[in-house]
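Participant: Next one to model:
(2 chains)
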Amino acid sequence: MTNHWADLDQASMFFVMGANPTENHPASMAHVNAARYGAKKARLVVVDPRKTRTAVMADLYVRIRPGTNIAFINGVINYILTDGYANNATFAKNFDDWHNSANANFYSYGRTFRDDAGGTGALTQALLDTGAYATTGNAAAFRADTSSLGINRGWPKYTDSRFKVTSGVAAPVDYQRETFTVTGRTYTGFPVLADTIGDPDCVMAKLKTHVAPYTTTVVADICGCAPSDVAAVAQEFINNSRMMSKDFAAAVCTPWDKDYKATTIMYAMGITQHTSGAQNIRGFAILNTMLGNMGRPGGGINALRGIHNVQGSTDMGVLFDLIPGYSGNPGVGSTWVGYVNPLFGNRANADASGGAVNAYTASALGLQQRGFYNMTTTWFSSYGTGYSAGDIDKLYSLWPKGNGNDHITGFREMIAGRTTAAVVWGQNPANTEPNQSMVRGGLEQLDTLVVVDNFETETAACRRKADGVTYLLPACSYVEEAGSVTNSGRWLQWRQRARTPKGNSKADLELLLRLAKALDSAGAFNHITSVWSTMTLKPVGGTNAYKVLYQDQYGYDGVGDFEAVSRASVDSGTVTGSEAVAENAFQQMGQGLSSGGTLWIWTEAYNTTTTSSRPSNLSGLIADEAVTLTGTTPVALASATIMGTPVVRDAAGGAGNLWVAGVDYVITGNTIAWVAGSTYSSTSTVYVTYVKTYAVAWATANRAKSRNNTDKGAALTYSRWGYSWLVNRRVLYNNSEVPGDEGDVFVAPDVVARLFTVHPATTLANYAYTYRAYNTLKDKPTKGVDATVGKTDATKPHKYAGRFPVHTEPTETPRRDLAHVYGRNTALDAALVKTDTKVALWSSAESGYTDPLYVSTTGSWNQDAKDYPFVLTTIRCVEHFQGGPITRNNSWNVEAEPVPWIEINSIDARNAVPPIKDGDWVNVITPRSNSTSDQESITPLLGTSGNKTGWAKGFKARVGSGLQGNQRVGVGVVAIPWHWGDQGLGTGSRANDLCIDSFDANTIIPEYKACLCKIVKL
Amino acid sequence: MAVMAILQEVDKCMRCNGCVISCKRTWQMKGIIQADNKPHQKVAYNQRVVIKPMKRVDNPPYMRFSCWHCPDPPCAKRCPWKAIVKDTASGAVYIDPVLCDPAKLDSTGNNCGRVCQTDCGRGGYPKIGAGSTDPLYAAPKAWKCTMCYGRAGVVTAAMTTKYGFALPSKNITAVPETAHQPSCVYTCPAKAMDYDTRDNIIAKLNTGMTNGTYISVLGDGSVFWASAKYMLIAPKADPFMEDHVSPMVGSLLSGPFAKAALVPTLVAGGLLALAARRAKIQEEELVAGGEA
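Facilitator: Alright, predicted model coming up:
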């Protein structure tokens, strides 16, 4: 979430697409209700293939065909830019003012840039006005012509809509660039700005052209909705945009006002689980950026996370391509310098190649770079800053290099025998992964399978080869162990344990450390100790890898009584067991970079006092003061009672900077000075914003434990409840508009939030080296889409899907005609489905087109899609959770929903042969599996060679009744929940045996939400 | 101690069944797994509170079905063992599981005849069976919503031991009794329910009807409903049945065949409800016997 849960109270419209919060995120509805039934009378708009229980409560509901999200969003954007703009004078004027930076609150000067020689200098309005910039012969390139609007304009703070892209190219890949010299410094690669968004070369003009073909009629055909639906949703967006808000032009937003307008977009798996998943979300980003809803309370783009700690798991790098802190894996053959330099870093120490002057010196590194330094020294040695370059290189050599297998490839690797052992920790892939025959086929071939769970899950009970061994380690439940979790709103919150683990079950931390100890005893860490023996500076604590890397850091010896581990809590009392070990780990991550903190986005999450070193969101006295700094000489601020760390800027009215407290400048008492060695020392005048009074501190030194709910702040930021990364910012991209929240600095390291992502992103490094390549998208539609939808022009392919999203059909689609026009999504020309996956195809005779409609697959599995007339989409219910190990072992939940069902439209049910009545059992069949005999044939009865039978009874029909608009699913679509399996108190057919494992190329998320099937009454 | 009441703002309810599960946990109810339940049916028969749609399809408004805690409850008057008590202090109608004994015979050899069920004018809320894992319910007893009497309202050491500590509430200063919210109100993720004094609830309803916040309010005793969107119909029918009769009556009254259809509909609906409940009770006692 760019915003957070409590912030939902401040929205004036909820746009829910591909999510069902009433059933899947019920706690969010308290906030939605507060906004809907409060003074704001917020609107709830739902767009979904299924009329969910959220949709039935909505003010406006639109049904679309599964997998057509981009077409709908592009249609909405198009309507807003054409009819919506034309028919609403207030909106049109404010829209232009906003994008043209016609108000001083919409732009900023005063950014610090690296010049071509590697030095840094601030570019202020005054410097740019000296005329030096004009020597390039393009005086209007950086700022607008002052004569036309009578105003000097700097960088747009929120959007690159006015940036010019390469002229005369059908598919431009970069902004126009300029080089200029000012005060002796030469800067290359500065993007050129258009005077207004009327310029045909600017990003906004390109967006207009791009979405123009998505007229309401075209969208209605693709999505299966009415043309007026697109217009109605667009009108809701217009009415609830920043342009229509009472505080439109204000410097500080006023979300408490009943005429405050902001739209929040809430989405979940209905959006991401498509081959176009990442592109769907880019559509949201464009829409809400264009309407000024980003960085606003009650606005933003909010992913409703599926589990309480999904956000935490991505922060921790529990993905095949990331290490903690959103850094990519160190690459095969990479060097320390090569890896560290592209990370977010300390600008003051940059060299011309875009990295640190001395990448081996801890004090020269900042942010993500320093976090990686701390991770390397802490996790492969004992933390310290005195390592020589040679020692650092040796420690770097210990990092595992390259990505692991993604979760689809991983099971294929097991089948091929290249992966022979797996540890499945708190997950149930034999139920939750699509195309189960491949998953179970992989698990079967493993030599060793270790499952760590509360219950004997489907995975723990899956079929294994004759000499394969399965271990089930008894993990305790989440209420029996302590630690921090990070919620959807990026809030770290400590979870106390209610009791010690029951019976023989053990905390995850104990199991993990015992496993490490056993690995150490078996010699698995010998490569580490042998590297240590060659280092100049040896790790503190000896030569035993377990002792140095685990016992000394987390307190547990790996064999003894886990409950005997204890420490004095930083807050009060003595804590034991998982409370103690978790606090040790939390301290290591969150104690701040200069103290060795390993997670750069958590700096200050753990502190030694409850006093804040950050400004509160108090609406109290805030001072904004100009201070003249000279080198490292401390200069006193006017107030002797400053609280927290001031925000330091280099221009009045600027929206933040890239300096970092403690790295670039230091505050001591009420004085401020540059840090010795900082190249900022040439800057003389800075502006310091600080809080003069500060009554409310954190409740705890461990910020995750803080439960201060009295300091909610004017904008409901609750900045002393838990801790929110980055640096406790509650609303991302807020550009200092949110009273009390931190102004945005790091996440949009460049001057703007982008509509336009460049590929390859490295070209941006010329002027903003903190901009990283992680914005590169890896997917690519198979068809080029020209300005005229319906025609294919091979000469104008959308090579770079990262620019603006285009509609693509799901891998299995009932609309072969549309697949012919729009194509499907792929991964840089590779298919998004493994060749051993059985997929439904339209034969060329059936499709009427000679060109291939889909990648060819091998064997005789290919089916004619006309045999599979229904789109199958998977859903969740409120009573069950994910793959079901917890809720299907709870009799109350099973009582409420004992068996899986299928939702069918009444017309489809009546036309089925034989007709399907409410309550009938229905077999669902895809090219991959059926929901009865196929499932039972791959599900073993433990202890025998036979199969477990009788549990896969298909799905119980829930046939719609009444008006079509009131039915759960439309004609041609069926929906089934996927929580069931063969284990637990409540059993039933698995949905994921049926689903296809094609995936989004960026995230490797499978297309659970759209495949083809047929249904037969049992 | 003031007379307390629950108000459900039905527009906010999303039928997540959080209140149902919370109630079952609080009162140590058994989870009864019916492998072959009726389609759309989320109603097991051993519940104290049920959330059901007012209409016959699974669409809003979703209404809370539970004992209304009548001001003058007929069930209390008819119980021969005086096991059903109207607590005038809190407003709660509760059943004493020690006194309640459907199998007990009086001096003439008759049992109670389960009159609390048949005499309930609000849809038959008391249920008889072994509904809890509490040893008090080893033999079938009557039970129903008690507004968490013993948990909500009066706090005694014995009750704290049995039902846990008071739950936090934002309203403690104004109304100390809200320190012990009923578990359903406390749990509701949508914050669709209020727990306050009956006087405050009624004042809120009156204000809401006057200033246009609500267009329809309903209720009596200690349970009330309000809506800004829907004309509410009292959920009178048997909570065992997914489709209750009231909306059918409402639609027929306005239809062309109203008079002709009304009587048979009522009769048929009543018979259906009665038959369904009988069947469930028998089934449930079989379960109870089997488990005992």
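Participant: three-state assignment of the residue located most distally from the centre of chain A?
Facilitator: Farthest-out residue of chain A from its mean C-alpha position, per Cα atoms, centre = their mean: A:Pro914, at 45.4 Å. The local conformation at A:Pro914, judged by DSSP: H, G, I helix; E, B strand; the rest coil, is coil.
Participant: Which strand residues bridge the closest residue to it other than its chain neighbours?
Facilitator: Leaving out its chain neighbours, the residue that sits closest to A:Pro914 by Cβ to Cβ, 6 or more residues apart in numbering or on different chains is A:Lys1017, at 5.4 Å. C-beta coordinates here come from the backbone N, C-alpha and C atoms, glycine included. Assessed by DSSP bridges, A:Lys1017 has beta-bridge partners A:Val922.
Participant: Let me see the contact set for A:Lys1017.
Facilitator: A:Ala912, A:Pro914, A:Pro915, A:Ile916, A:Asp920, A:Trp921, A:Val922, A:Asn923, A:Ala957 (Cβ atoms under 8 Å, 6 or more residues apart in numbering or on different chains).
Participant: if we go to 7 Å?
Facilitator: A:Ala912, A:Pro914, A:Ile916, A:Asp920, A:Val922 (Cβ atoms under 7 Å, 6 or more residues apart in numbering or on different chains).
Participant: So the fourth one versus A:Ala86, what's the distance?
Facilitator: Summarising the geometry, the distance separating A:Asp920 from A:Ala86, computed by Cβ to Cβ, to the nearest Å, is 52 Å.
Participant: Which one's more surrounded, the two?
Facilitator: Each of A:Asp920 and A:Ala86 has its neighbours counted (other Cβ atoms under 10 Å in any protein chain shown); A:Asp920 has more, 20 against 10.
Participant: Now the more buried one: closest residue in space, sequence neighbours ignored.
Facilitator: Leaving out its chain neighbours, A:Asp920 is closest to A:Ala957 (Cβ to Cβ, 6+ apart), at 4.7 Å.
Participant: Can I get the one helix or strand that neighbour maps to in PDB, CA atoms only?
Facilitator: Assigned by DSSP states H and E, A:Ala957 falls within strand A:955-959. Below are the C-alpha coordinates for strand A:955-959, written out as PDB (Å, rounded to 0.1, in the frame of the first residue of the first chain):
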ATOM      1  CA  PHE A 955     -18.100 -28.700  -6.700                       C
ATOM      2  CA  LYS A 956     -21.500 -28.000  -5.400                       C
ATOM      3  CA  ALA A 957     -23.500 -25.800  -7.700                       C
ATOM      4  CA  ARG A 958     -24.700 -22.400  -6.600                       C
ATOM      5  CA  VAL A 959     -26.900 -21.400  -9.500                       C
END
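Participant: Give me the pLDDT for the residue in the stretch 151-300 of chain A that chain B sits nearest to.
Facilitator: Nearest to chain B in the stretch 151-300 of chain A, going by Cβ to the nearest Cβ, is A:Met266, at a distance of 14.4 Å. pLDDT for A:Met266: 97.
Participant: who does the helix or strand containing it touch, helix- and strand-wise?
Facilitator: Using DSSP H and E, A:Met266 sits within strand A:263-267. Contact here means 3 or more Cβ pairs under 7 Å, 6 or more residues apart in numbering or on different chains; DSSP states H and E; on that basis strand A:263-267 packs against strand A:13-17, helix A:277-290, strand A:301-303.
Participant: would you turn those into TSV with mean neighbour count?
Facilitator: As requested, those are exported to TSV (neighbours: other Cβ atoms under 10 Å in any protein chain shown):
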stretch	mean neighbour count
strand A:13-17	27
helix A:277-290	23
strand A:301-303	23
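Participant: Serialize the ones you listed to a markdown table and add fields for mean pLDDT.
Facilitator: Listed next are those as a markdown table, based on pLDDT from 0 to 100:
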| stretch | mean pLDDT |
| --- | --- |
| strand A:13-17 | 98 |
| helix A:277-290 | 92 |
| strand A:301-303 | 95 |
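Participant: quick one: which of these is nearest A:Ile77?
Facilitator: helix A:277-290 (5.8 Å; Cβ to Cβ).
Participant: At the contact with chain A, which residues of the stretch 51-200 of chain B appear?
Facilitator: B:Val57, B:Asn59, B:Pro60, B:Pro189, B:Ala190, B:Lys191 (Cβ under 7 Å from any Cβ of the partner chain).
Participant: and if we set it to 10 Å?
Facilitator: Contact residues, the stretch 51-200 of chain B versus chain A (Cβ under 10 Å from any Cβ of the partner chain): B:53, B:55-62, B:188-192.
Participant: Report the buried members of the residues you listed.
Facilitator: B:Pro53, B:Lys55, B:Asp58, B:Asn59, B:Pro60, B:Pro61, B:Tyr62, B:Cys188, B:Pro189, B:Ala190, B:Lys191, B:Ala192 (16 or more other Cβ atoms under 10 Å in any protein chain shown).
Participant: so where's chain B shaky on pLDDT?
Facilitator: Applying pLDDT under 70 to chain B flags residues B:1, B:34-46, B:56, B:123-124, B:131, B:149-180, B:235-292.
Participant: OK, contacts around the closest residue to chain A within it?
Facilitator: Nearest residue of chain B to chain A, counting by Cβ to the nearest Cβ: B:Gly31, 2.5 Å away. B:Gly31 makes contact with A:890-896, A:985, B:21, B:24-25, B:44, B:46, B:133, according to Cβ atoms under 10 Å, 6 or more residues apart in numbering or on different chains.
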